[in-house]
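Undergrad: After the sequence you'll find the predicted model.
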Amino acid sequence: MADLTISDGTGVSPGSVAPASGTILRYTYQDLMYYLMSNNRAGFGSGDKIDFKTACTSALENLTQIHSWSYYRPSHRIQLSASYSTGTVTYVDSSQQLTLASGTWPSWAAYGRVVIDDVVYEVSTRTSDTVIVLDDVIKPSDDISTASTYVLYRSKYQLPIDLRAIEEVLIEDGSWSTYQVDMRDIFSRERWASNSGQPWAWAIAPDPDRDGMYAIWIEPYPDTAEPLGFLYRREPRALRWSGTEPLSQFTGVTASQSATDITISSDLKQSMVGSILRFGDDSLSTKYPGPLTSDNPYVEEHKITAIAGSVATIETGLTQAYTSTRVVVTDPCDITPTMKLALQDLATYYLYKMHGKAAEYPVASVRLARENDSKVHSALPSRKYHRWDHWLQVGEVDYS
């Protein structure tokens with residue numbers, strides 16, 4: 001989110017007012033909506049609101065795709081599962097059930113593959129501790145009535161739902177290097193090699209268990225449980241609550257100073273976790289709080305960390321008490337402060353286009369945001385660290 005830490009007004013942009021010393025100002029969906037309203041001298045009528053929301057979401061989508069922003073670069077870890085081969089199995093083709101004579105199918109069995117007599121079969125579901133159902137197509141063609149040895153392994157792992165692009169993948173046990181290959185290579189090796197060991201190859205392909213999502217396939221399949229880590233480019237948090245929807249506006253909120261559990265309403269939604277809760281002033285109990293530039297600026301704001309029924313838990317305690325005040329819930333714009341101007345200009349650009357007005361793409365503000373992001377990259381060491389330096393011969397080392 002666009003956070004600006006301030007202390008006694010220090011660091012506040014010209015014309016802005018800090019609601020309290022030492023707080024964090026966040027640029028939110030509500031702020032962006034009010035910005036468009038101010039630019040167009042329009043209220044929040046039903047038609048205007050739809051246009052504003054469409055412009056805001058289009059602007060954020062465009063902004064986050066035109067550059068590989070350093071802000072959207074988190075790390076992720078996947079815990080690989082060791083293969084399993086305890087006991088023996090039998091198979092009934094009519095039900096596609098593979099039954100384990102002894103032992104217990106691992107909890108991840110539904111994502112696995114089974115090798116019997118050097119042939120790979122895919123698992124569809126895990127129905128019990130001793131029964132799994134194989135795929136409709138990639139399965140044995142006949143019953144397997146004789147108790148047979150097998151290997152159950154997992155080569156497919158779900159990727160984060162906000163994944164946009166993935167970077168270098170490492171087996172963290174010893175920083176073992178890996179290589180991206182095409183999915184056809186995984187498919188081929190799984191069938192003619194089908195062996196275990198330290199994974200070194202990986203591929204990205206659509207996740208058959210989640211619409212629109214991706215999974216990572218690894219090869220060879222791991223013989224021990226170990227972590228796999230990587231950096232990736234993520235999607236921004238979606239803009240859902242602008243603070244202008246009836247479901248995001250609440251009245252009659254009473255809370256004591258320093259409280260972190262705020263009783264609001266049973267209408268709270270789980271999608272509001274991570275959103276920003278803005279408190280209005282008790283003396284303006286007939287109006288919902290708006291941005292600091294509005295006639296009814298919020299008094300303080302806090303990030304919602306959890307929701308349980310009608311209670312919202314916020315990350316820090318309230319700076320003051322409230323009696324029957326109004327509050328709104330709005331999503332943070334998932335950007336850095338240096339991306340704010342570009343986001344505003346892009347939102348205006350899309351709004352003008354929808355209204356049939358002449359609109360020029362905001363090249364200048366987008367370029368400025370990219371230049372500011374380049375400053376973050378240029379602050380990194382220019383010399384790339386070689387993780388095998390301690391193995392290299394003493395002397396001059398080429399880091400190119």
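TA: Yep, it's here. Residues are numbered from 1 along each chain as shown.

Undergrad: quick one, helices of the stretch 1-150 of the chain?
TA: Assigned by DSSP state H, counting those that start in this stretch, the stretch 1-150 of the chain shows helices spanning 29-40, 46-65.

Undergrad: Tell me which residues touch the most centrally placed residue in the chain, please.
TA: What sits nearest the mean C-alpha location of the chain, by CA atoms, centre = their mean, is Asp162, with 3.8 Å. Shown in contact with Asp162 (CB atoms under 8 Å, 6 or more residues apart in numbering): Arg234, Glu235. Quick note: C-beta positions are derived from backbone N, CA and C, even for glycine.

Undergrad: Distance check, it against Gln79.
TA: With distances taken as CB to CB, to the nearest Å, Asp162 is found 19 Å from Gln79.

Undergrad: Equivalent analysis for Pro199, please.
TA: The value you get for Pro199 to Gln79, if CB to CB is used, is 13 Å.

Undergrad: between those two, which one's more packed in?
TA: Pro199 (21 against 10; other CB atoms under 10 Å).

Undergrad: In contact with Thr54: list those residues for me.
TA: So Thr54 contacts Tyr350, Met354 (CB under 8 Å, 6+ apart).

Undergrad: Can you list the low-confidence ranges for the protein?
TA: 1-24, 42-46, 174-176, 193-194, 285, 376-400 (pLDDT under 70).

Undergrad: Please repeat the previous calculation with a cut-off of 80.
TA: Under the criterion pLDDT under 80, the flagged ranges of the chain are 1-25, 40-47, 168, 172-177, 190-197, 284-286, 375-400.

Undergrad: Among the helices of the stretch 1-150 of the chain, which comes closest to Asp373?
TA: helix 46-65 (11.2 Å; CB to CB).

Undergrad: Just the CA trace of that closest one, in PDB.
TA: What follows is helix 46-65 as a C-alpha-only set of coordinates in PDB (Å, rounded to 0.1, in the frame of the first residue of the first chain):
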ATOM      1  CA  SER A  46     -25.000   5.500  -9.500                       C
ATOM      2  CA  GLY A  47     -23.800   6.100 -13.100                       C
ATOM      3  CA  ASP A  48     -20.800   8.200 -12.000                       C
ATOM      4  CA  LYS A  49     -19.800   5.700  -9.400                       C
ATOM      5  CA  ILE A  50     -19.600   2.900 -11.900                       C
ATOM      6  CA  ASP A  51     -17.500   5.000 -14.200                       C
ATOM      7  CA  PHE A  52     -15.200   6.100 -11.500                       C
ATOM      8  CA  LYS A  53     -14.700   2.500 -10.200                       C
ATOM      9  CA  THR A  54     -14.000   1.200 -13.700                       C
ATOM     10  CA  ALA A  55     -11.400   3.900 -14.300                       C
ATOM     11  CA  CYS A  56      -9.700   3.200 -11.000                       C
ATOM     12  CA  THR A  57      -9.400  -0.500 -11.500                       C
ATOM     13  CA  SER A  58      -8.300  -0.100 -15.100                       C
ATOM     14  CA  ALA A  59      -5.700   2.400 -14.000                       C
ATOM     15  CA  LEU A  60      -4.200   0.100 -11.300                       C
ATOM     16  CA  GLU A  61      -4.200  -2.900 -13.800                       C
ATOM     17  CA  ASN A  62      -2.400  -0.800 -16.400                       C
ATOM     18  CA  LEU A  63       0.100   0.700 -14.000                       C
ATOM     19  CA  THR A  64       1.200  -2.600 -12.500                       C
ATOM     20  CA  GLN A  65       1.700  -4.200 -15.900                       C
END
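
Undergrad: What residues sit buried inside that helix?
TA: By 16 or more other CB atoms under 10 Å, the buried positions in helix 46-65 come out as 48-49, 51-53, 55-64.

Undergrad: same deal with stretch 303-315?
TA: By 16+ other CB under 10 Å, the buried positions in stretch 303-315 come out as Lys303, Ile304, Ile307, Ala312, Thr313, Ile314.

Undergrad: Which segments of the protein make up each domain?
TA: What automatic domain parsing lists as the domains of the chain is 2-70+239-330, 89-153, 156-225, 340-378.

Undergrad: Could you give the separation of the last one from the chain centroid?
TA: Translated: domain 340-378. 24 Å (CA atoms, centre = their mean, to the nearest Å).
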